[in-house]
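In: 3D model of this:
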Amino acid sequence: MTYTRTPTLASPVTLMDAKHHLRVMHDDEDLLIQRYILAAAREIEAYCEIALTRQTISLTVLAEGGDIIPLPVGPLAPDAEVTANGTPLVNSIMPGRWPVLILPETMTGPIALTYEAGFADTSASVPDDLQLAIMEQAAFAYDNRGSVDVRPGLVPAAARICARYRRVRA
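Out: The predicted structure is shown next:
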């Protein structure tokens, strides 16, 4: 299933928290550190198939009325509205970390779905362990910037945390 994300610019970790974690006391590299935070967050979101801060998720599915469709990115944002072909769906969602949509019987064919996912709008709503994973990943990138010997992927500390949030597929 392919989908697109339209993220907000809200940071899942505050710059101050990241600078404390990195032990950076000056302001000269604030923009660079913020970029590492966002890059680490996007890597973790892709690995776990989650949204840390509010994002709009759009996808098209070929479905029959009554189909049960697992939404690809969780959790469903607080007060999120799910639309199918522009029509809001009410009482058709089973929320949770991995929300599920039950299509109304009248909807068939290609259906454009849009919904908002994410823990909320600010870093205060992102679970502490995921914030730590982001800071560990950002610290690794910051400490190894410019190195050609570094292998891509999550650092072990971030991978252990993310494993608890990753969806298991049958």
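In: Which residue, neighbours along the chain excluded, lies closest to the residue of the chain most remote from its centre?
Out: Centroid-distance maximum for the chain: residue 106 at 31.0 Å, with Cα atoms, centre = their mean. Among residues not flanking residue 106 along the chain, residue 65 sits closest, at 5.7 Å (Cβ to Cβ, 6 or more residues apart in numbering). C-beta coordinates here come from the backbone N, C-alpha and C atoms, glycine included.
In: now swap in residue 60 and tell me
Out: Of all residues not flanking residue 60 in the chain, residue 112 sits nearest, at 5.1 Å (Cβ to Cβ, 6+ apart).
In: Leaving out the residues flanking it, which one is nearest to residue 39?
Out: Residue nearest to residue 39 in three dimensions, not counting chain neighbours: residue 141, with 6.6 Å by Cβ to Cβ, 6+ apart.
In: give me every residue that touches the one you found.
Out: In this structure, residue 141 makes contact with 36, 39, 40, judged by Cβ atoms under 8 Å, 6 or more residues apart in numbering.
In: switch the cut-off to 10 Å
Out: Residue 141 is in contact with 32, 33, 35, 36, 37, 39, 40, 43, 147, 150, 155, counting by Cβ atoms under 10 Å, 6 or more residues apart in numbering.
In: quick check, it in a strand?
Out: No - applying DSSP: H, G, I helix; E, B strand; the rest coil, one finds residue 141 to be helix, outside a strand.
In: if we can go back for a sec, and the contacts of residue 141, which is closest to residue 13?
Out: residue 37 (5.2 Å; Cβ to Cβ).
In: Would you double-check that that closest one falls in a helix?
Out: Yes - according to three-state DSSP, residue 37 belongs to a helix.
In: Residue 134 versus that one, what's the distance?
Out: As judged by Cβ to Cβ, to the nearest Å, residue 37 and residue 134 stand 6 Å apart.
In: can you list residues touching both of the two?
Out: Common contact partners of residue 37 and residue 134 (Cβ under 10 Å, 6+ apart): 11, 12, 13, 17, 18, 21, 123.
In: per-residue pLDDT, the fourth one?
Out: Right, the one you point to is residue 17. Listed pLDDT for residue 17 reads 95.
In: quick one, phi/psi of it?
Out: Residue 17 adopts backbone torsions of phi -60, psi -40, taken as degrees, to the nearest 10.
In: what about the helices in this structure?
Out: 15-22, 30-48, 128-143, 156-163 (DSSP state H).
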